[in-house]
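Undergrad: when you get a sec, could you give me coordinates for this:
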Amino acid sequence: FAACEDGNGSLAVLDLHAARERVLLAGIMARADAGPAEQEPLLVQSVALTAHAFAAVTERGSALERLGMALEPFGGSSVVVRAVPPGLDGVDMAALLPALAPLLPEGEPTYADLLSVAQEMACRAAGLEAREMGAAELLALARALDEVGSPTPCRHSAVVLLEVPLLELLRRAGGDLPKI
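TA: From the prediction side, this is the model:
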């Protein structure tokens, strides 16, 4: 979490994971809505999967393709990951692909299907950045969150930003309220 004073003198508490996730989710879904997603080149990565996960991502992987992920079978139950949506580089594909497998629909994915898969992708990518942030990074995240607005919530439906007015803080702390 990050706590700071907002422009109105209120205490603003930002859930950093939820904020990153919301920004990533909006970006992934915007690319899916725009049609064939542009893919970020990736150092080719081979991932060994269980037979069930392999079947899911190779036979029902059209949602992954729409969201910008490029996979190819690579012998046995392995796949080669050739591209991922922007923001997902660095995500552990050996953990992500099995988590996505049960979310992949039969046939052409609906918007709800794409959203479900994108939410899981964004959550895992947001978890990579669980670290302290400097003021410039916090400001950039706040601006990106502002640009995103209020899209569909992340998988956890977390409150991203909580604002508590100064008068409410004083009342709860038992302090004297200023005389007007």
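Undergrad: mind listing the helices for the chain?
TA: Using DSSP state H, the helices of the chain run over residues 16-33, 51-59, 62-66, 93-100, 111-128, 135-148, 166-173.
Undergrad: in this protein, which residue is most central in space?
TA: residue 122 (2.1 Å; Cα atoms, centre = their mean).
Undergrad: pretty sure that residue is touching residue 25, no?
TA: Yes - the criterion here is Cβ atoms under 8 Å, and residue 122 meets it with residue 25 at 4.0 Å. To be clear about C-beta, it is placed using only N, CA and C from the backbone, and glycine gets the same treatment.
Undergrad: right, and the helices of the chain - which one's nearest residue 7?
TA: Evaluated over the helices of the chain, closeness to residue 7 peaks at helix 135-148, with 11.0 Å, by Cβ to Cβ.
Undergrad: tell me which residues in the closest one are buried?
TA: 138, 141-142, 144-145, 148 (16 or more other Cβ atoms under 10 Å).
Undergrad: so what's residue 71 bridging to?
TA: residue 81 (DSSP bridges).
Undergrad: what about it, neighbour count?
TA: Neighbour count of residue 71, defined by other Cβ atoms under 10 Å: 21.
Undergrad: who are the neighbours in contact with it?
TA: Residues in contact with residue 71 (Cβ atoms under 8 Å, 6 or more residues apart in numbering) are 57-58, 61, 64, 79-82, 97.
Undergrad: please apply the same query to residue 136.
TA: With Cβ under 8 Å, 6+ apart, residue 136 has no contacts at all.
Undergrad: for it, give its distance to residue 77.
TA: 44 Å (Cβ to Cβ, to the nearest Å).
Undergrad: for residue 9, same thing?
TA: The value you get for residue 9 to residue 77, if Cβ to Cβ is used, is 57 Å.
Undergrad: and these two? Which one has more around it.
TA: residue 77 (16 against 9).
Undergrad: can you tell me the closest non-neighbouring residue to that one?
TA: residue 54 (3.9 Å; Cβ to Cβ, 6 or more residues apart in numbering).
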